[in-house]
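Visitor: Have a look; sequence and predicted model below, questions after that.
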Amino acid sequence: MLRDKLPPLSENLKLPFPGESYLPPCTDREFWNGIEADRRELILREGREAAGEELPVLKATHYREYHLNGNRVNFEKIYFSRRLHLFRLTKAYCVEPSDDLLDRIIDDLDSLCGEWSWVLPAHNAPPADPYPPAEPTRVDLFAGSSSSLLALTIHLLREPLTRDAERLVSRVAAECRRRCLTPYMNNDSHWWMGYLPAPGHGPLNNWTPWITDNFLHTLFLLETDKAVLAQGVRRASEILTHYLDVLPEDGGCDEGPGYWDHAIGSLFDCLEILHWACGKETELLSDPFLAKAAGYIASLHICGDYFVNFADCPGRLPHLPGDLIRRMGRALNNSRLIALSGILREEARNDRTEYEAAFSSQRGIRDLAVRWKGEAHTEPERPLREVFPLSQTGIIRRSPYTFACKGGHNDESHNHNDIGQFILYGRKAPLLIDPGVGDYTRETFNEMRYTIWTMQSGWHNLPSVNGKDQAPGKGYRCTRFAFDRPEEGEMEIGGAYPPEGKILSLVRSFRFAESEIRMKDSWELREEPADMVWHFLSLDKPSFIDSQLHIVNPAGEKVMIRSDRELDFTREYLPFPVDNEKLRAWKREGLWRSVLTCKGELPRKGESLFVFSLN
């Protein structure tokens, strides 16, 4: 097992670490001149644009704003743009060195070293104080990524920086140790490390491998002492085993595809650098579990930049890292990942940007080694049925549709109250959707989370029972998830609703055929009368004709939904705020909720059949 391979790694360190072949510095002209022409042009264009812009100023009052009103976007836009500015300048210098770029890089390094904190306000502790502690006691996602970015910069540009700003190189290294390496090594109370109980936090999630990835890269780029490196590898290996303990053995990721690249993708990045440092005989990259976890993202791909977007995942993911997925596919000999990376590369051509580039900057340099020229694009294999029984996710493909559903519980990482949720896509575009997630605010991760509409079961393709939607908490869960037959499956979802719903059992079952799906909700309640309301979400305006719900997507694909019961129909339109980037990822103006209510009272024990016909 992968977790058993990690503890002995510190004894296998092969020093010196081959940093110049792992992350080639600017003096390696063979590497930087060999980057494909279109990438070189993009790097230089973005570098020149950055050189013509002033580095945005990050003020103490920006940091305080989150404490005052819960807004985290205003601070984070400036914070991340400063790091992206440095990263673009650094890559441009490596491609085509020039003194004016180097001067801007020196100024950026100095400015980032001078920031009060690299920890985001939303991750600050104690939360009662609007400003960060004077001495960093913790490392969060972005203290880790900032450290890795600065360590990477002085690694890539060590020769010119040492020549022109030697004291700055020493200062950068000292700040990276102070803000990342030291708190990572010495503070066991970080909830994401798994050493101590963490009241108020769920299980370990993407924070664990993501921060560890940036820690390991900072460590190997700065340190040369074998004892310090061995201590760091030992610490990182322990923390990664804690993370592996919470991952399901089927390879599923309850955080959804929106966080997969920082969960399993960062786990891969950790294992890759440990593989370089400790030798291929460790067999880290040939572990069967890693192959399953990496392949999960291909299983959740629908078409284009659409994925099964459960949990905190936007509706479309054009910026999922195709280069990382191709590297993973090659390292793991997975043809589906390689094919998926080609699709993502084509999607990125239509909306080219360095989304999240400075979050894991070392990944961006590793990805430049990926060569695409001359490789034919192939369509990925698409199995008719893929089920993750421990994660309780199922994907069914029949011409002309893709269907996906989930069970689980209502305290998953980045959870929505969505037990029993399903989505339905045509060949080219969605028909019935999961709404995804909006931009994060203070309420997203506190006791107000489930006041946000995207988190509520009533804004998913789910019923309300006796006026009650699902409740949050691990105890509210799917108690049976059975998709072990090719043509059918079912979920017991009654346990996801609060006692006020008076539910003894609520079974949602599906039967699959070509161009048709039959969904049956069967219930047994504690008492009569029963009140049931069903919701169906779509991006396209629904209509109700001859007792059937009709939805047509922009590709002309259509679903008609009929029931064996008489239903009243209403519809609601919810526009997306113009400044909400995550909801606007749908590239639509808003969504529709169809509300179907049974006419008259229902029996204490009964069922309703819905037939989805597609063409």
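Guide: Good, I have the coordinates.
Visitor: and for stretch 4-14, what are the contacting residues?
Guide: Defining contact as C-beta atoms under 8 Å, 6 or more residues apart in numbering, one finds that stretch 4-14 is touched by 226, 229-231, 233-234, 237-238, 240-241, 244, 274, 277-279, 281-284, 287. C-beta here means a position set from N, CA and C on the backbone, and glycine is covered the same way.
Visitor: List only buried entries from the residues you listed.
Guide: Buried by 16 or more other C-beta atoms under 10 Å: 229-230, 233-234, 237, 240-241, 244, 274, 277-278, 282, 284, 287, out of these.
Visitor: Now tell me which of the residues you listed the prediction trusts least.
Guide: pLDDT is lowest at residue 282 among the buried ones among the contacts of stretch 4-14; the value there is 87.
Visitor: Mind listing what's buried along the lowest-mean-pLDDT helix or strand in the chain?
Guide: Least confident helix or strand of the chain, by mean pLDDT, DSSP states H and E, is helix 335-349 with a mean of 85. For helix 335-349, a neighbour-count test (16+ other C-beta under 10 Å) marks 336-345, 347-348 as buried.
Visitor: In JSON lines, list those residues along with distance to residue 366.
Guide: Listed next are the buried residues of helix 335-349 as JSON lines, based on distance: C-beta to C-beta, whole Å:
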{"residue": "336", "distance to residue 366": "21"}
{"residue": "337", "distance to residue 366": "16"}
{"residue": "338", "distance to residue 366": "16"}
{"residue": "339", "distance to residue 366": "21"}
{"residue": "340", "distance to residue 366": "18"}
{"residue": "341", "distance to residue 366": "14"}
{"residue": "342", "distance to residue 366": "18"}
{"residue": "343", "distance to residue 366": "21"}
{"residue": "344", "distance to residue 366": "16"}
{"residue": "345", "distance to residue 366": "16"}
{"residue": "347", "distance to residue 366": "21"}
{"residue": "348", "distance to residue 366": "17"}
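Visitor: And these, which two are furthest apart?
Guide: Greatest spatial distance in the buried residues of helix 335-349: 336 and 348, 18.6 Å, computed using C-beta to C-beta.
Visitor: Quick one, grab the pLDDT at the nearest residue in space to residue 219 that is not next to it in sequence.
Guide: The shortest distance from residue 219 to any residue other than its chain neighbours is 4.5 Å, reached at residue 232 (C-beta to C-beta, 6 or more residues apart in numbering). At residue 232 the predicted local confidence, pLDDT, stands at 97.
Visitor: And residue 232, how far from residue 99?
Guide: Distance of residue 232 to residue 99, computed by C-beta to C-beta, to the nearest Å: 36 Å.
Visitor: Settle it for me: which of these two has more neighbours?
Guide: When residue 232 is set against residue 99 and neighbours are counted by other C-beta atoms under 10 Å, the residue ahead is residue 232, at 21 against 10.
Visitor: and whichever strand or helix holds the more buried one, what does it pack onto?
Guide: With secondary structure defined by DSSP states H and E, residue 232 is part of helix 226-246. Applying 3 or more C-beta pairs under 8 Å, 6 or more residues apart in numbering; DSSP states H and E, one finds that helix 226-246 contacts helix 2-5, helix 182-186, helix 207-222, helix 257-278.
Visitor: same thing but at 7 Å, please
Guide: Here helix 226-246 touches helix 2-5, helix 207-222, going by 3 or more C-beta pairs under 7 Å, 6 or more residues apart in numbering; DSSP states H and E.
Visitor: who's in contact with the longest one?
Guide: Going back to what we said before, that points to helix 207-222. With contacts defined as C-beta atoms under 7 Å, 6 or more residues apart in numbering, helix 207-222 is touched by 17, 19, 139, 141, 144-145, 147-148, 151-152, 155, 173, 176, 180-181, 184, 192, 229, 232, 236, 239-240, 242-243, 262-263, 266-267, 269-270, 273, 277, 360, 362.
Visitor: Report the inter-axis angle for it versus helix 226-246.
Guide: Between the axes of helix 207-222 and helix 226-246, defined by axes from the mean of the first three to the mean of the last three C-alpha atoms, to 10 degrees, the angle is 160 degrees.
Visitor: Contacts only, for the residue positioned nearest the centre of the chain.
Guide: The C-alpha lying nearest the average C-alpha coordinate of the chain belongs to residue 259 (C-alpha atoms, centre = their mean; 1.2 Å). Contact partners of residue 259, counting by C-beta under 7 Å, 6+ apart, are 206, 312, 414.
Visitor: How many residues are close by the second one?
Guide: Residues within reach of residue 312, counting by other C-beta under 10 Å, total 21.
Visitor: Can you say which of the helices and strands packed on helix 226-246 is nearest to residue 554?
Guide: Here helix 207-222 is closest among the helices and strands packed on helix 226-246 (C-beta to C-beta), at 35.5 Å.
Visitor: just the angle between that closest one and helix 257-278, please?
Guide: Orientation check (the same axes, to 10 degrees): helix 207-222 against helix 257-278 gives 40 degrees.
Visitor: does the nearest residue to residue 178 once chain neighbours are set aside sit in a helix or strand, and which one?
Guide: Taking C-beta to C-beta, 6+ apart as the measure, residue 178 lies nearest to residue 136, with 6.5 Å between them; neighbours along the chain are not counted. Using DSSP H and E, no element contains residue 136; it sits outside every helix and strand.
Visitor: okay, residue 136: pLDDT?
Guide: If you check residue 136, the pLDDT there is 83.
Visitor: ok, it touching residue 177?
Guide: No - counting by C-beta atoms under 7 Å, residue 136 sits too far from residue 177 to count as a contact (10.6 Å).
Visitor: Residue 65: how many residues sit nearby?
Guide: Using other C-beta under 10 Å, the number of residues around residue 65 comes to 17.
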